[in-house]
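>>> Below are the sequence and a predicted model for it; my questions follow.
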Amino acid sequence: MSAIGLYARKTAGFDERLARTVEVLRQAAADFGPGALQSTSLGVEDMVITDLIARHGLPIALATLDTGRLHAETLALIPRIQQRYGLAVEVFAPVNEQVVHFVRANGDDAMYRSVELRKACCGVRKLEPLARMLQGRTAWITGLRREQSANRAEVPFREDDGQGRVKVNPLAEWSWADVWHYVQANEVPYNPLHDEFMPSIGCAPCTRAIAVGEDFRAGRWWWEDSSKECGLHATHAEPGTAESESQASPLTFNATTGAPA
Ligand code: SF4
């Protein structure tokens, strides 16, 4: 059965949550103008946000990271977004010399050997291009939801990313059923790997399907007993982990006005 068949359900309060999400996006566009960027992982939550940006004609640019280890199904969404919405997705890739150097020194599958090597791989393939992606931006829009993991249970609509920018999380209060209800109702294109029990999709070597009852992010870096974060969203790493060292105090904002609460 497809992910839509399994999960889509309109639950109480969905229309109100959707209205708040649209308001959060509108306010981000108004407050940050061209400084706002949707950093899309091309996962289903981000596809919902892209659909909302397109549907409401919001002047928010789109960008993604191509780590060089993504599934073909993930990359195929970039031209689909262009075809469906007429929106370009700017692609940021790692510096080739850094990748070659890392692979020569540590091998293609170094991530399985230690947490340090896994984080080093994420550093080269994700964090460095992310830093370039966000250069000159004042706000970035993500698909983080509170329900995704215990680490993310406190995700606010807006927060300080610890690097002088505002991180906007318009789906913070959405459930998994909400996401798939929206996808079904609006025929949002999505990664077919979600139909294969991969709720959270990252690089191919670091993503597996989850079993019934497992945590949403259990399929990411499944061989590790860690916080299941790669540093992109360090403010939601588990306290005490290396990733939480740069943790900034999350700011909460009024969902409707965007003002600090
Ligand atoms: S998710 Fe895996 S392959 Fe991708 S950058 Fe991190 S360690 Fe490397």
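Yep, that arrived.
>>> quick one: stretch 109-122 near the ligand?
Yes. Interface with the ligand: stretch 109-122 contributes 111, 118, 121-122 (C-beta under 6 Å from any ligand atom). (Glycine included, C-beta is placed from N, CA and C.)
>>> Compare those residues and tell me which is most surrounded.
residue 121 (25 neighbours; other C-beta atoms under 10 Å).
>>> Just checking the distance from the helix or strand hosting that one to the centre of its chain.
In this assignment (DSSP states H and E), residue 121 forms part of helix 115-122. Relative to the centre of its chain, helix 115-122 is centred 19 Å away, using C-alpha atoms, centre = their mean, to the nearest Å.
>>> which residues sit against the helix or strand just after that helix?
Scanning forward in sequence from helix 115-122 by DSSP H and E, the next helix or strand is helix 128-134. Applying C-beta atoms under 8 Å, 6 or more residues apart in numbering, the external contacts of helix 128-134 come out as 37, 39, 63, 65, 67, 90, 92-95, 98, 140, 163, 165, 232.
>>> Please produce a ChimeraX select command covering the buried subset of these.
Buried members of the contacts of helix 128-134, defined by 16 or more other C-beta atoms under 10 Å, are picked up in ChimeraX with:
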select :37,39,63,65,67,92,94,140,165,232
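>>> Spatially nearest residue to residue 90 (excluding sequence neighbours)?
Distance criterion C-beta to C-beta, 6 or more residues apart in numbering; nearest residue to residue 90, sequence neighbours excluded, is residue 63 at 4.3 Å.
>>> So what touches the helix or strand hosting that neighbour?
Residue 63 belongs to strand 61-65 when elements are defined using DSSP H and E. For strand 61-65, contacts defined as C-beta under 8 Å, 6+ apart pick out 34, 36-42, 50, 53, 78, 81, 87-93, 125-126, 129-130, 133.
>>> which of these come close to the ligand?
Restricting the contacts of strand 61-65 to those near the ligand - C-beta under 6 Å from any ligand atom - leaves 125-126.
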